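Student: Fold the following and give me the result.
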Amino acid sequence: FGMAMGVIERGLLFIYVIKDLQGSTTMCGGIVGVTVLFELPIFHYSGWILEKMGHSNALLLSFLSYVGRVWGYTLLTPETKNWIFALEMVHGVTFALMWVAVVEKSRQLTPNGWGTTFQSLLGGTYSMLGQGIGAALGGMVMEHMGSIVLFRGCSIVV
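Tutor: The predicted structure follows:
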């Protein structure tokens, strides 16, 4: 999942918005604002959400949200590019729900005294390894096959 998120969070979405959808850097900044805004309620109510859904269902919903969101990118055109803001509202579910489920489950499974070490390994693996590989491979796919193939491929893999 880190690799798939690396395709979005490490700049390839912005290249797509500017190059393919003829958006602006201001639009890219607005996209970030929307994603953060819609993460906040998920993080705030995370305990209640996990109590109702459970960790597995939260992860499943996160993955399905990613698939719908990223496939939705491929349906946009320069004329419909503003719909990306609606798709980015789903980022709260995609990103925040995944993190609260994974962090809380790892907290439950980690022996006493090892929580910080495990969280560091989890974050490092996701951010550095997963997103780094995802951005590098995603950049190659985008360059040689285009944005549509990249985003649809990520949807299928997840």
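Student: quick one: buried residues of the strand or helix carrying Lys52?
Tutor: Using DSSP states H and E, Lys52 maps to helix 46-53. The neighbour-count check on helix 46-53 (16 or more other CB atoms under 10 Å) flags Ser46, Ile49, Leu50 as buried. Where you see a C-beta, it was placed from the backbone N, CA and C, and this is true even at glycine.
Student: Could you pull up the residues touching the closest residue to Leu59 other than its chain neighbours?
Tutor: Nearest residue to Leu59, sequence neighbours excluded (CB to CB, 6 or more residues apart in numbering): Ala101, at 5.0 Å. Contacts for Ala101 (CB atoms under 8 Å, 6 or more residues apart in numbering) come out as Leu50, His55, Ala58, Leu59, Ser62.
Student: who touches the helix or strand bottoming out on mean pLDDT in the chain?
Tutor: Taking mean pLDDT, DSSP states H and E as the measure, the helices and strands of the chain show their lowest mean at helix 2-9, namely a mean of 71. Under the contact criterion CB under 8 Å, 6+ apart, helix 2-9 has outside partners 13, 66, 70, 94-95, 125-127, 129-135, 137-138, 150-151, 154, 157-158.
Student: In strands only, show me these.
Tutor: Per DSSP state E, strands hold no members of the contacts of helix 2-9.
Student: Which positions within the helix or strand in which Leu37 is found qualify as buried?
Tutor: Under the criterion of DSSP H and E, Leu37 resides in helix 25-44. Buried residues in helix 25-44, defined by neighbour count with 16+ other CB under 10 Å: Met27, Cys28, Gly30, Ile31, Val34, Thr35, Phe38, Glu39, Ile42.
Student: and what of stretch 9-25?
Tutor: Neighbour count says stretch 9-25 has Glu9, Arg10, Leu12, Leu13, Phe14, Tyr16, Val17, Asp20, Leu21, Gly23 buried, by 16+ other CB under 10 Å.
Student: thinking again about what came up before, list only buried entries from the contacts of helix 2-9.
Tutor: The buried subset of the contacts of helix 2-9 (16+ other CB under 10 Å) comprises 13, 66, 70, 94-95, 126, 130-131, 134-135, 138, 150-151, 154, 158.
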